[in-house]
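S.K.: Next input, structure requested:
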Amino acid sequence: MLYRAAAIVAVAALLAVHATATNNDDEPANNNNNKKNENTKKRVGREGIFGKVFGDNDANDGAILTEDEGYWERFLQDTVDSIPTPPPTPPIEDCITEVTITCVDSNGVECFDVPPPENPEDCIEPFTYTFTVENIGPVCMTLTSWTAEYVVTSGDGVTVETTPFDLLPRVPANEREICPGETFAVEETVDTDLCAGNTYTFTTDVEANPPNGDSCQADDEYTVEPQADCATIVEITCTDSEGNDCANTPEPETPEDCLEPFTYCYIVTNVGSTCMDITSFVRDRNGGTADLIPLLNGNTEICPGDDPIEVCEEPEPTDLCAGETYETSVVLEANPPNGDSCQATDEYTVEPEAPCDVTVEVTCVDSEGTDCEAIEAPEDCVQDLTYTYCIDNPGPTCMEVTDFVRTITPPGGEVSILGLLTAEIGNPPVICPPGENAFDLPICVSEEVSTNLCTNEKISVTTKITAAPPNGDMCMDTGMYMFTVPTPAPTPPPTPGPTP
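M.R.: Modelled structure (predicted):
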């Protein structure tokens with residue numbers, strides 16, 4: 001194109017020169033000058049490149065022939081066509097490449113899917129990264145640059161490690177040309193801590209050049225966040241003032257021994273493979289809750305191999321005689337740096353056992369109020385006797401009377417007298433230690449029973465009472481009253497009257 005343009009410019013310049021010479025013919029001049037100009041014009045007309053344009057006739061010297069008006073157009077075209085055409089510029093070729101990163105563990109499992117380690121010894125796992133370049137364009141290309149960068153980021157976003165890699169030297173120099181459809185791959189193995197809570201990112205950049213055209217570039221990124229195994233246990237312990245396990249606290253002997261301070265402690269152990277942060281720690285005792293996090297004093301992180309964390313509440317007075325069951329539970333939640341949170345629970349139940357102690361005594365009087373043991377030989381054999389049963393609770397805890405029977409012999413036969421008690425103190429018949437009842441102790445109930453005093457046998461009244469504390473074993477007591485009524489003297493025969 002430059003040659004053609006130069007030729008056109010040259011032709012235009014010559015035309016301009018000729019036009020100037022033609023215009024000068026019309027101006028007056030001396031003869032000598034005219035002749036000289038005429039001779040020049042003729043010479044140019046005959047010998048110059050415009051010989052075909054200018055004739056040899058003197059009358060027409062210097063005039064442009066107009067009979068062929070298309071001549072100039074043909075002339076210019078012939079002139080331009082005679083100039084050589086330069087060789088064509090090679091077309092720009094498309095360079096298209098692709099690079100990918102893949103990752104597997106030592107078992108060939110995709111790094112995204114590697115399960116959390118079960119033991120701290122399994123935390124370090126070699127990850128093998130494969131970097132693959134592929135020519136997906138239409139022309140061959142030559143690799144000119146291939147780099148990678150490995151970045152480790154902590155769970156809170158802080159960069160822990162940055163390692164650059166130059167991958168191009170791993171491609172032999174005579175193999176760096178990759179043609180359409182061909183690939184080349186290199187590997188890098190990195191030991192990865194699955195329990196540290198870190199994020200691991202590999203990036204790669206590749207650049208290639210085709211024979212003609214612009215270079216092309218491709219990149220890829222692979223990020224893996226290993227899921228750590230969160231596993232913890234929490235244990236509740238309870239001791240009394242003597243250091244005994246609360247479940248083995250001795251029974252109180254007196255009401256003053258009923259209140260016993262119990263100390264509850266909570267022990268947290270990390271049995272997983274990664275560090276974790278305790279986020280929730282709540283205790284519940286019989287519906288009353290408490291937040292135990294403040295007892296940690298900010299030490300909420302616990303790692304595998306650390307000593308267990310133990311926190312204890314202040315001693316709590318516990319009524320051993322109240323018949324209460326004390327149920328304590330605790331729920332702990334913890335979070336690993338990466339992965340799902342985990343939860344641990346424990347329960348501790350103590351049922352203090354207080355001794356059950358019940359007594360019963362029996363008395364008997366006749367209708368005159370005379371103690372049955374003092375009844376003399378009666379004139380009337382059958383009499384109504386009053387039997388009284390007095391119950392006491394000398395123990396430290398309340399108790400419920402569950403059974404109350406008596407037997408009068410003769411004639412014998414067991415009869416329940418529990419109804420006498422419930423009619424007196426209510427149902428259920430609960431008897432507490434002195435000072436805790438709405439009635440005085442001992443509590444007594446009575447009944448009248450017609451008794452034949454002339455059997456010349458011993459008369460006995462036995463009673464048995466059974467009671468149960470709220471917690472603990474049942475207790476029982478028996479009472480007996482026995483007496484003998486003297487046999488009345490035989491009626492003497494009538495004294496005979498005088499003999500008539």
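S.K.: Where do the helices of the stretch 301-450 of the chain begin and end?
M.R.: Counting by DSSP state H, counting those that start in this stretch, one finds helices in the stretch 301-450 of the chain at the ranges 418-425.
S.K.: Now do the strands in it.
M.R.: Secondary structure of the stretch 301-450 of the chain (DSSP state E, counting those that start in this stretch): strands located at 301-302, 309-312, 316-319, 326-335, 342-350, 359-365, 382-392, 399-409, 414-416, 430-431, 443-452.
S.K.: ok, residue 284 touching residue 329?
M.R.: Yes: here residue 284 lies in contact with residue 329, judged by Cβ atoms under 8 Å, at a distance of 5.0 Å. The C-beta positions use only the backbone N, C-alpha and C, and glycine is treated the same way.
S.K.: rewinding a little: reformat the strands of the stretch 301-450 of the chain into JSON lines and put distance to residue 184 and mean pLDDT next to each item.
M.R.: Formatted as JSON lines, the strands of the stretch 301-450 of the chain follow (distance: least, Cβ to Cβ, whole Å; pLDDT from 0 to 100):
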{"stretch": "strand 301-302", "distance to residue 184": "46", "mean pLDDT": "93"}
{"stretch": "strand 309-312", "distance to residue 184": "53", "mean pLDDT": "96"}
{"stretch": "strand 316-319", "distance to residue 184": "73", "mean pLDDT": "93"}
{"stretch": "strand 326-335", "distance to residue 184": "43", "mean pLDDT": "96"}
{"stretch": "strand 342-350", "distance to residue 184": "45", "mean pLDDT": "95"}
{"stretch": "strand 359-365", "distance to residue 184": "100", "mean pLDDT": "95"}
{"stretch": "strand 382-392", "distance to residue 184": "100", "mean pLDDT": "93"}
{"stretch": "strand 399-409", "distance to residue 184": "89", "mean pLDDT": "93"}
{"stretch": "strand 414-416", "distance to residue 184": "101", "mean pLDDT": "93"}
{"stretch": "strand 430-431", "distance to residue 184": "91", "mean pLDDT": "93"}
{"stretch": "strand 443-452", "distance to residue 184": "102", "mean pLDDT": "92"}
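S.K.: Could I get those in JSON lines, plus columns for mean neighbour count and distance to residue 117?
M.R.: Output for the strands of the stretch 301-450 of the chain, formatted as JSON lines (neighbours: other Cβ atoms under 10 Å; distance: least, Cβ to Cβ, whole Å):
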{"stretch": "strand 301-302", "mean neighbour count": "18", "distance to residue 117": "17"}
{"stretch": "strand 309-312", "mean neighbour count": "16", "distance to residue 117": "22"}
{"stretch": "strand 316-319", "mean neighbour count": "14", "distance to residue 117": "41"}
{"stretch": "strand 326-335", "mean neighbour count": "19", "distance to residue 117": "17"}
{"stretch": "strand 342-350", "mean neighbour count": "16", "distance to residue 117": "14"}
{"stretch": "strand 359-365", "mean neighbour count": "18", "distance to residue 117": "67"}
{"stretch": "strand 382-392", "mean neighbour count": "18", "distance to residue 117": "67"}
{"stretch": "strand 399-409", "mean neighbour count": "18", "distance to residue 117": "57"}
{"stretch": "strand 414-416", "mean neighbour count": "11", "distance to residue 117": "69"}
{"stretch": "strand 430-431", "mean neighbour count": "20", "distance to residue 117": "59"}
{"stretch": "strand 443-452", "mean neighbour count": "15", "distance to residue 117": "69"}
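S.K.: Tell me which of these sits nearest to residue 97.
M.R.: strand 326-335 (42.6 Å; Cβ to Cβ).
S.K.: Run me through the strand neighbours of that closest one, direction for each.
M.R.: strand 276-285 (antiparallel), strand 342-350 (antiparallel) (DSSP bridges).
S.K.: tell me which residues of stretch 368-379 are tucked away?
M.R.: Going by neighbour count (16 or more other Cβ atoms under 10 Å), the buried part of stretch 368-379 is 372, 375.
S.K.: Let's see the distance spanning that stretch from one end to the other.
M.R.: One end of stretch 368-379 sits 14 Å from the other (Cα to Cα, to the nearest Å).
S.K.: now that stretch: how far from the chain's centre is it?
M.R.: 85 Å (Cα atoms, centre = their mean, to the nearest Å).
S.K.: Please enumerate residues in contact with it?
M.R.: 363-366, 385, 453-454, 459, 481, 483, 485-489 (Cβ atoms under 8 Å, 6 or more residues apart in numbering).
S.K.: Mind checking the pLDDT average for that stretch?
M.R.: The average pLDDT for stretch 368-379 rounds to 86.
S.K.: Stretch 230-237 now?
M.R.: 92.
S.K.: in it, what counts as buried?
M.R.: 230-232, 234, 236.
S.K.: and those as CSV, adding secondary structure?
M.R.: CSV is the format used below for the buried residues of stretch 230-237 (DSSP: H, G, I helix; E, B strand; the rest coil):
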residue, secondary structure
230, coil
231, coil
232, strand
234, strand
236, strand
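S.K.: As CSV, those with distance to residue 113 would be great.
M.R.: As requested, these are exported to CSV (distance: Cβ to Cβ, whole Å):
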residue, distance to residue 113
230, 18
231, 20
232, 25
234, 31
236, 38
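S.K.: Kindly indicate which of the residues you listed lies nearest residue 321.
M.R.: Using Cβ to Cβ, the buried residues of stretch 230-237 come closest to residue 321 at residue 236, 23.4 Å.
S.K.: Across the sheet, point out what pairs with the residue nearest to that closest one when sequence neighbours are not counted.
M.R.: Spatial nearest neighbour of residue 236, excluding adjacent residues (Cβ to Cβ, 6 or more residues apart in numbering): residue 348 at 4.0 Å. Per DSSP bridges, the residues bridged to residue 348 are residue 328.
S.K.: from what I can see residue 348 touches residue 263, true?
M.R.: No: using Cβ under 8 Å, residue 348 makes no contact with residue 263, being 11.9 Å away.
S.K.: Now do the shared contacts for those two.
M.R.: By Cβ under 8 Å, 6+ apart, the residues touching both residue 348 and residue 263 are residue 238.
S.K.: related to what we said a few turns ago, report the separation between the residue nearest to residue 236 and residue 246.
M.R.: 8 Å (Cβ to Cβ, to the nearest Å).
S.K.: Residues in contact with both of those two, list them for me.
M.R.: In contact with both residue 348 and residue 246: residue 238, using Cβ under 8 Å, 6+ apart.
S.K.: Show me which of the contacts of stretch 368-379 are buried.
M.R.: Here, 16+ other Cβ under 10 Å leaves 363-366, 385, 453-454, 459, 481, 483, 485 buried among the contacts of stretch 368-379.
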